[in-house]
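J.: Fold the following and give me the result.
(one chain, ligands or ions: 2)
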Amino acid sequence: MKAAVYYAPKDIRLQEMEKPKPLTGEVVIEVKACGICGSDLHFYEGIKDVDINPGIILGHELGGEVVEVGKGVEKLKIGDRVGVEPLIGCGTCEFCQVGKYHICPGLQTIGINFHGGFAEYAKAPQEKVYKLPDNVSYEDTTLLDAYAVSVHGINRVSVDVKDVVVVIGSGPLGFTTMQVVKAAGAKKVILVGRRDENLEIAKTAGADITLNTTKVDVVNEVKKLTNGRGANIVFECVGGLAPTLGQALQMARPEGVIGIIGAYSEDPILDFWSGYFKELNLLWVSSYAKWGGKPEFEIGIDLLASEKCNAKPLVTHKFPLDEITDGFEALLNKKETNAIKVAVIP
Ligand SMILES: [Zn+2]
Ligand SMILES: [Zn+2]
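T.: Ligands and ions are numbered 1, 2, ... in the order given. Below you'll find the predicted structure:
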């Protein structure tokens, strides 16, 4: 099969690999779509979040059709349309035993530790493979990872009808968080971003109000929109090197809650005194697992199936496997391309 293999930053090679064979309990999927995640981009750029072995096929945001099933597979059959949850805990530690495999010390990820979806075929254990309802497309599956993170966000930071919520970030996680927060019933959702093109999409994708941080003082605007008090909840969905966590602390009302979703490549700049005097609650949101026994990944699928969330406007770019490097470059140069989610379509 054809696969895009990671060797080093900016060195992803298209080559022939052996098609995966299913072990007991595993299924092989013909990949129909695989998203390029921010973490994949970090590997491509050479920003080290985690160690990655040369020779691995990246890609953990995948969906496709089941083409082969291993022994003992009961819940899936050949021809099923599926999405794949990439996180695999050890299964035995104290966290895994209560469904919190995202904080398992032995957590492994398909597309990072095992071969992933930037290939014609991929395999996964059956319990991580979910059937897709008819109205959830393969392209939608490239955003299930982000929806699951956002679902975990509202699991950590509960949102209800009284809340004015600010979401900072107009990348995939900003958009999915905005939609999930709306679906959870927030009174008003304000999306803060840097690019007008993305903010236009945000208006059609569910934001009540959008603010361009390059054009207005977003902290003041949020205060104005909340009778001078500030937002009940702020989700920071940018990370990297952005000064947005400090802004989040400034725009929250006293006793407000900050959900930290963005992954920072250096320790973020905090506005200590805002947090201190307002007694803010900072909650970290890393990845996802189960919520009340139900996989948050599956809750994401349900939200798309019920049309409470809509992934379609978020897939802005598609590239065939042969042109995967162009896909990475499109995401790297999002200032020019306005890419939100880039999908590789083998
Ligand atoms: Zn991801
Ligand atoms: Zn574990």
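J.: The residue of the stretch 151-300 of the chain found nearest ligand 1: neighbour count?
T.: Taking CB to the ion, ligand 1 has its nearest neighbour within the stretch 151-300 of the chain at P172, 8.3 Å off. Backbone N, C-alpha and C define where each C-beta goes, glycine included. P172 is flanked by 29 other residues according to other CB atoms under 10 Å.
J.: How far does stretch 293-311 stretch from one end to the other?
T.: 25 Å (CA to CA, to the nearest Å).
J.: How about stretch 303-313?
T.: End-to-end distance of stretch 303-313 (CA to CA): 15 Å.
J.: Distance from stretch 165-173 to the middle of the chain?
T.: Put simply, stretch 165-173 sits 11 Å off its chain's centre (CA atoms, centre = their mean, to the nearest Å).
J.: Just the endpoints, please. Distance across that stretch?
T.: For stretch 165-173, the end-to-end distance is 15 Å (CA to CA).
J.: same question for that stretch, mean pLDDT?
T.: Taken as a whole, stretch 165-173 has a mean pLDDT of 97.
J.: Now do the buried residues in it.
T.: Across stretch 165-173, burial judged by 16 or more other CB atoms under 10 Å covers V165, V166, V167, I168, G169, S170, G171, P172, L173.
J.: quick one: the second one and Y276, what's the gap?
T.: In this structure, V166 and Y276 are 20 Å apart, going by CB to CB, to the nearest Å.
J.: Angles on the backbone of N212, please.
T.: phi -100, psi 110 (degrees, to the nearest 10).
J.: So it is in contact with E200, correct?
T.: No: with contacts defined as CB atoms under 8 Å, N212 does not count as touching E200, sitting 10.5 Å away.
J.: So those two - more neighbours on which side?
T.: Per other CB under 10 Å, whichever of N212 and E200 has more neighbours is N212, with 16 against 13.
J.: Kindly state the beta-bridge partners for the more buried one.
T.: Going by DSSP bridges, N212 is paired in beta bridges with G193.
J.: just to revisit the earlier point, show me what contacts the residue lying closest to the residue of the stretch 151-300 of the chain closest to ligand 1 once chain neighbours are set aside?
T.: Nearest in space to P172, with sequence neighbours left out and distances taken as CB to CB, 6 or more residues apart in numbering, is A146 at 4.4 Å. Residues near A146 by CB atoms under 8 Å, 6 or more residues apart in numbering: E61, P172, L173, F175, T176, K341.
J.: Please tell me how far A146 sits from ligand 1.
T.: According to CB to the ion, to the nearest Å, A146 stands 7 Å off from ligand 1.
J.: Look at the closest residue to ligand 1 within the chain and report its pLDDT.
T.: For the chain and ligand 1, the shortest gap (CB to the ion) falls at C37, measuring 3.0 Å. Listed pLDDT for C37 reads 95.
J.: Which residues are in contact with it?
T.: So C37 contacts H60, E61, D145 (CB under 8 Å, 6+ apart).
J.: Am I right that the last one falls within a strand?
T.: If I follow you right, that is D145. No: counting by DSSP: H, G, I helix; E, B strand; the rest coil, D145 is not found in a strand; it is helix.
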